[in-house]
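> Return a 3D structure for these sequence lines:
(chains A and B)
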Amino acid sequence: MFETLRQSLKTGVVTTSYPKTPAEISSHARGRPEIDWANWKDARIGAKVCPTAAIACEDHDGERTATLDLGKCIFCGLCAEADVTIRMTPACELSSCSRNELKNVTRYKLANDGTQQSLIEMSGAVATPSGPSSASFDATGRELKRHVAHVFGRSLNIREVDAGSCNGCEVEIQGLNNPIYDIERFGIHFVASPRHADMLLVTGPVTRNMELALRKTYDAMPAPRLVVAVGACGCSGGIFGVNYASLGGVDRILPVDVYIPGCPPNPHALLHGILLAVGRMAAFNGRKK
Amino acid sequence: MNLLPPLISILEELTQRFGAQIEHAHAPQPNELYLHAKRELVGALCSTFYKKYEGRLAGVFAEDARTEHDVFFVYYLYALDSKHAFVLVRVPIQAEQPDLLSLTNAVHAANWQEREIQDLFGIKLVGHPNPRRVVLHDDWPAVYPLRKDFDLHTELPPFTGVRHKFREVEGEGVFQVPVGPVHAGIIEPGHFLFSVAGEPVLYLQLRLFYVHKGTEKLFESLPIPHCVRLAESISGDSSFAHATAFCHAVERAADVEPPPRARALRTICLELERLYNHVADIGAICTDVAFVTANMHATRLKERVLRVNEQLTGNRLLRGMACLGGVRFDFDADQLRVLAQFVDEFEKEFNELVELIRSNSGTRDRLETTGVLKPEVARNLGIVGIAGRASGFDHDLRRDFPHDFYDQVQFTVPVFTEGDVQRRMVVRREELFQSFAIIRQVMEKLPAGLICEKLEEVPPDRVALGYVEGWRGEIFHWIHTATGNRLARCKVKDSSLQNWPALSEAILGNIIPDFPVVNKSFNLSYSGTDR
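Numbering: from 1, shown residues only, chains lettered A, B, ... in the order given. Predicted structure coming up:
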């Protein structure tokens, strides 16, 4: 007993103050890939090496539509190795309330040799290249307590469902309960029953075998309820995509409120996405689901 | 044929005994002997390997070769641990109404794998004691996904009917407790059906494969370099081990040898993967017997490893590090300093955690004699890895089939015979201490030079076996290459597939409230099993 106490005292407080302070990420970490859009000459290079078709392009009538989809990206960095106009940044707070916002869609005029001559237009997340700004995110963090207090009586309960994940996302979600990230400091708990839950945190491409269990878990939750899709697989099906055993991303089964990209998203990214989802509760009130 | 001396004599003896029934023998590697045999020989060869050569059946898998050879092939992978060699027996199965004589009655280790072949290839098992479905749930239509004429993107109709056909357990006072697939904690899905009389568990039926994602079929549709990333997603907590096993297989098929520095860095990464998983499991075992403080320290330590992983490889789970021919990122002087300092500090803190757990006699009381897997049962089921070593099976691929840099370092393999939860925890503890020593030795001997050998296109129609001792146990990737830098077949075997049946044995006579800690002490991968 004394030994237990002594070690706890000796260890002291180890909890991060994120999101008040920036995410503690190594400069080596691979997060959001950034493309030098104006000088991007050939999207085919990245598309060829990308294992999940997160970078894809299509040519028609002397024009090329090139897409960078963070919902599919597994942040391997192979595109950046192959193409000098792409570089990997450590940015990990990439969550979004809309699937389309994760997609950067660009249109280029093509040169005769099949390379991109000039940028015609951009849409999607390109408009806000740094993702949700840290200022808006701080605000989200501050708003959290207000919303939690108003809507859920100072607590948000999360039920996690692995609908087909490789367990990588679970490793990181478990990390939210460790003393470093300590999600309970926000009044957020993981609960055992969907009946106690306000939020469903879903990982994995939804497999044929988990489809029913996922639906039943969702149906067992009282309204209002939130659904958060976690990881490349949860957002889009990831490297598994759609096949005889996999149905693809979570939004093919349930209405998704927030998407958290990553393979897997680290605990900072998960916290960011969960807080973002709760920040949306005001807009969510009164919406029938 | 360039063969290890023990394999030469084994081949001679077998040729003498079976003559023309062994149609062909070849050895793509000195420690890998392929025997193409007549199918009648399966039983005789199996008993010969078990009785005469201290072999064990480490894997059974099939391949659809109807286009080229008009047959299915079934492969039996025998590991001859004491001789440091593998023998792969290949037998043909006729394409029309294919059937396979089951070995399960003699070798229980083959049970699930044979049923997997039946489910995925439609090869009917003859003489199997329990030929129910295992991979595909009972409500799936009659499809055979790994046959070549089944398209990966086939859209199956909605499933109807009974999902699981369980065996009846009857008797006065017997009742059944179904659990899952969605569990109370943040873990993977699977269904457990307990039959209990009073408190003790009489019988446990497992229904897994809830996260079956068609991975092996998917391997056949991707260019080989992309398959490395797929291998990383087979079992998230063993990303690097699976990717490395896959790379080994491709490198052998392409006759490419990774440079010494790459092999050293791979070894460091494999040990880092072992560190974070073992320390997390030790903590989780403590949580399941209500010693939560120890788990808080353990998860704190795990986080330290994940952050070092990120500093070294750019990803907390070591993803993106593996590549064909070596590794993708070198460690510079700063990173090596970080690693050295980390190992010292981590060891010190881990020692404190060990002391903390030791000081808590309640924890030991709960863990000793709980969830016992007897050595003879373990041997019978072919249990490997941590669970095998806690139940008296003295083996470790790192020592017996040294891959990467393991032939250059000294370490011991902890083995116990009690087979309870406590010993499975102690095996992890002792392995962690070995890991510290291994990482230090690798850093001391770290060779200079390249970290990746060029590997552009893999020649077609080669077979190769990749193997790695992951933190859970042995991982095998067997590949058969096709034209256009693709694979005709990739068989993935995680040790979990072998070990799940051990859980049903270890829980017998224990009470359901002890199930979480027994389950955690094995900590098997659902995704690695289901694929």
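
> Contact partners for the residue in chain B that chain A sits nearest to?
Chain B approaches chain A most closely through B:Gly236 (2.7 Å), counting by C-beta to the nearest C-beta. For every residue, glycine as well, the C-beta is placed using N, CA and C. By C-beta atoms under 8 Å, 6 or more residues apart in numbering or on different chains, the residues touching B:Gly236 are A:165-171, A:264, B:317, B:527.

> Leaving out the residues flanking it, which one is nearest to it?
Nearest in space to B:Gly236, with sequence neighbours left out and distances taken as C-beta to C-beta, 6 or more residues apart in numbering or on different chains, is A:Gly168 at 2.7 Å.

> picking that back up, now tabulate the contacts of B:Gly236 in JSON lines and tack on distance to A:Arg44, neighbour count and pLDDT.
Converted to JSON lines, these look like this (distance: C-beta to C-beta, whole Å; neighbours: other C-beta atoms under 10 Å in any protein chain shown; pLDDT from 0 to 100):
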{"residue": "A:Ser165", "distance to A:Arg44": "31", "neighbour count": "33", "pLDDT": "95"}
{"residue": "A:Cys166", "distance to A:Arg44": "29", "neighbour count": "39", "pLDDT": "95"}
{"residue": "A:Asn167", "distance to A:Arg44": "34", "neighbour count": "26", "pLDDT": "95"}
{"residue": "A:Gly168", "distance to A:Arg44": "29", "neighbour count": "29", "pLDDT": "95"}
{"residue": "A:Cys169", "distance to A:Arg44": "31", "neighbour count": "29", "pLDDT": "96"}
{"residue": "A:Glu170", "distance to A:Arg44": "36", "neighbour count": "25", "pLDDT": "95"}
{"residue": "A:Val171", "distance to A:Arg44": "35", "neighbour count": "23", "pLDDT": "95"}
{"residue": "A:Pro264", "distance to A:Arg44": "29", "neighbour count": "34", "pLDDT": "94"}
{"residue": "B:Leu317", "distance to A:Arg44": "30", "neighbour count": "27", "pLDDT": "96"}
{"residue": "B:Ser527", "distance to A:Arg44": "33", "neighbour count": "29", "pLDDT": "95"}
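
> which one of those is nearest A:Leu78?
B:Leu317 (16.8 Å; C-beta to C-beta).

> And what about the closest one, helix, strand or coil?
coil (DSSP: H, G, I helix; E, B strand; the rest coil).

> Please list all residues in contact with it.
Contacts of B:Leu317 (C-beta under 8 Å, 6+ apart): A:168, A:171-172, A:264, B:236-237, B:239-240, B:306, B:309.

> Quickly list what the residue lying closest to B:Leu397 once chain neighbours are set aside is bridged to.
The shortest distance from B:Leu397 to any residue other than its chain neighbours is 3.8 Å, reached at B:Glu469 (C-beta to C-beta, 6+ apart). Beta-bridge partners of B:Glu469, counted by DSSP bridges, are B:Glu474.

> Tell me the spacing between B:Glu469 and A:Val227.
Taking C-beta to C-beta, to the nearest Å as the measure, B:Glu469 falls 39 Å from A:Val227.

> got it, and B:Pro516?
27 Å.

> coming back round to it: gap between the residue nearest to B:Gly236 and B:Ala378?
Counting by C-beta to C-beta, the gap from A:Gly168 to B:Ala378 is 29 Å.

> next one: B:Ile511
Distance of B:Ile511 to B:Ala378, computed by C-beta to C-beta: 22 Å.

> Between the two, point out the one with more neighbours.
B:Ala378 (24 against 13; other C-beta atoms under 10 Å in any protein chain shown).

> In space, what's closest to that one - neighbours in sequence excluded?
That would be B:Ser391: by C-beta to C-beta, 6+ apart, it lies 3.7 Å from B:Ala378.

> Got the phi and psi for the one you found?
When read as degrees, to the nearest 10, the backbone of B:Ser391 gives phi -120, psi 30.

> what about stretch A:66-81, average pLDDT?
Across stretch A:66-81, pLDDT averages out at 94.

> Does A:Pro264 touch A:Gly234 like I think?
No: if you go by C-beta atoms under 8 Å, A:Pro264 and A:Gly234 don't touch, sitting 9.6 Å apart.

> list the residues that contact both of those two?
With C-beta under 8 Å, 6+ apart, A:Pro264 and A:Gly234 have common neighbours A:Cys169.

> who's more crowded, B:Glu469 and A:Val227?
Taking neighbours as other C-beta under 10 Å, B:Glu469 and A:Val227 compare with B:Glu469 leading, 27 against 23.

> Which members of the contacts of B:Leu317 are the farthest-apart pair?
A:Glu172 and B:Phe240 (15.7 Å).

> which one of the two has more residues nearby?
More crowded of A:Glu172 and B:Phe240, by other C-beta under 10 Å: B:Phe240, with 29 against 25.

> What pLDDT is listed against that one?
B:Phe240 is given a pLDDT of 97.

> and the gap between the nearest residue to it once chain neighbours are set aside and B:Arg266?
Distance criterion C-beta to C-beta, 6+ apart; nearest residue to B:Phe240, sequence neighbours excluded, is B:Leu318 at 4.1 Å. Relative to B:Arg266, B:Leu318 is positioned 10 Å away (C-beta to C-beta).

> Over to B:Asn31?
For B:Asn31 relative to B:Arg266 (C-beta to C-beta), the value is 19 Å.

> So for those two, which sits in the more crowded spot?
The neighbour count for B:Asn31 versus B:Arg266, taken as other C-beta under 10 Å, is higher for B:Arg266 (28 against 17).

> Check for me that that one belongs to a strand.
No: judged by three-state DSSP, B:Arg266 forms no part of a strand; its state is helix.

> Assign B:Leu100 to helix, strand or coil.
Relying on three-state DSSP, one would call B:Leu100 strand.

> oh sorry, the question was meant for B:Val196
Relying on three-state DSSP, one would call B:Val196 strand.

> So for it, what's the pLDDT?
Confidence for B:Val196, expressed as pLDDT, is 93.

> That one is in contact with B:Leu202, isn't it?
Yes: between B:Val196 and B:Leu202 there is a contact under C-beta under 8 Å: 6.1 Å.

> which neighbours do these two share?
Common neighbours of B:Val196 and B:Leu202 (C-beta under 8 Å, 6+ apart) are B:Val174.

> pretty sure B:Thr299 belongs to a strand, no?
No: under three-state DSSP, B:Thr299 sits outside any strand and is assigned helix.

> got the contact list for the spatially closest residue to it that is not a sequence neighbour?
Closest residue in space to B:Thr299, ignoring its immediate chain neighbours: A:Asn178 at 3.6 Å, by C-beta to C-beta, 6+ apart. Applying C-beta under 8 Å, 6+ apart, we find A:Asn178 in contact with B:296, B:299-300, B:302-303.

> Quick check: A:Asn178 vs B:Phe436, distance?
22 Å.

> Count the residues that sit near B:Glu376.
B:Glu376, neighbours per other C-beta under 10 Å, totals 11.
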